[in-house]
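In: predicted model, plus sequence, below.
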Amino acid sequence: LAHAVSLLSRCMIDSMAVISKWEWLRIADIPFNMVDLFVVVGLLLLFYAFVRTGSRAVFYGVAASLLAYTGFVLYDMTAKSRESFVSVYNIHGTTAVHVAEKGSGTMLTNDFERVAKRVGRYWVRERIGAPKAAGAGVSSLSVGDSLVYVLSKPLPAVTDSFQKLKVNTLVIQKGGEQDYEKICGFFDFEHLVIDATNTKKACSSWANVRDSLRLDCHIVKVDGSYRHVFDTK
């Protein structure tokens, strides 16, 4: 009997090993966070109580909880699909500016595969659609009436007749202008973000400028990833 059980177990394990290599049977990137975990565990406990007791009240409780949870997930997914935001991720040495307008996302980056590998699980967990990589040379994206601009080069001298570019979020890369006064001469911005490509020395310098002038300035290497939700109603 032991020999037969061992043989069946070996056949089962070998079969699972073969099936696991079939890509068309693999289900990946399922949105599942801590809230989902607690809800599912609670539903399993309620179902177990129903099996043990056969109580109609418990059955109705399981059904109502399942419906409420399904409604919450659908509402959350709908809300996320309508959300417009800009996120600048904290990935060392990588530009990662994620701009989404009502669920349609675009990524300004110099290494899309690395960003997707590092942040992909966050997108799945938060039910955020994966963005598409922007074309080469793109430095700005619009969200409704707002503009997100990524500055990657030094700025020339400002002339008196120059009209400032109105920007909601200005992201400064390594190699971009580091002179705050010159930046103010070119841009009329609401939010300033220093991304993760900047050196520690540059980040420290920006931290000093921020403290001395009390700026609305987010330094990704110091403060972590940046996220701003636009009101596009």
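Out: Right, received. Where do you want to start?

In: every contact and neighbour count from this point should use C-alpha atoms.
Out: Noted.

In: for this structure, which segments count as strands?
Out: 85-88, 96-101, 104-109, 132-133, 140-143, 146-151, 165-172, 187-194, 217-219, 226-229 (DSSP state E).

In: for the longest helix along the chain, the averaged confidence score.
Out: The residue-count maximum for a helix in the chain (DSSP state H) belongs to helix 56-81. Mean pLDDT, computed over helix 56-81, is 79.

In: quick one: it to chain centroid distance?
Out: Helix 56-81 sits 25 Å away from the centroid of its parent chain (Cα atoms, centre = their mean, to the nearest Å).

In: now the angle from it to strand 104-109?
Out: 60 degrees (axes from the mean of the first three to the mean of the last three Cα atoms, to 10 degrees).

In: turn the strands of the chain into JSON lines, columns for mean neighbour count and mean pLDDT.
Out: Below are the strands of the chain laid out as JSON lines (neighbours: other Cα atoms under 10 Å; pLDDT from 0 to 100):
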{"stretch": "strand 85-88", "mean neighbour count": "20", "mean pLDDT": "91"}
{"stretch": "strand 96-101", "mean neighbour count": "24", "mean pLDDT": "89"}
{"stretch": "strand 104-109", "mean neighbour count": "21", "mean pLDDT": "85"}
{"stretch": "strand 132-133", "mean neighbour count": "16", "mean pLDDT": "86"}
{"stretch": "strand 140-143", "mean neighbour count": "17", "mean pLDDT": "84"}
{"stretch": "strand 146-151", "mean neighbour count": "20", "mean pLDDT": "91"}
{"stretch": "strand 165-172", "mean neighbour count": "20", "mean pLDDT": "92"}
{"stretch": "strand 187-194", "mean neighbour count": "18", "mean pLDDT": "93"}
{"stretch": "strand 217-219", "mean neighbour count": "22", "mean pLDDT": "94"}
{"stretch": "strand 226-229", "mean neighbour count": "14", "mean pLDDT": "91"}
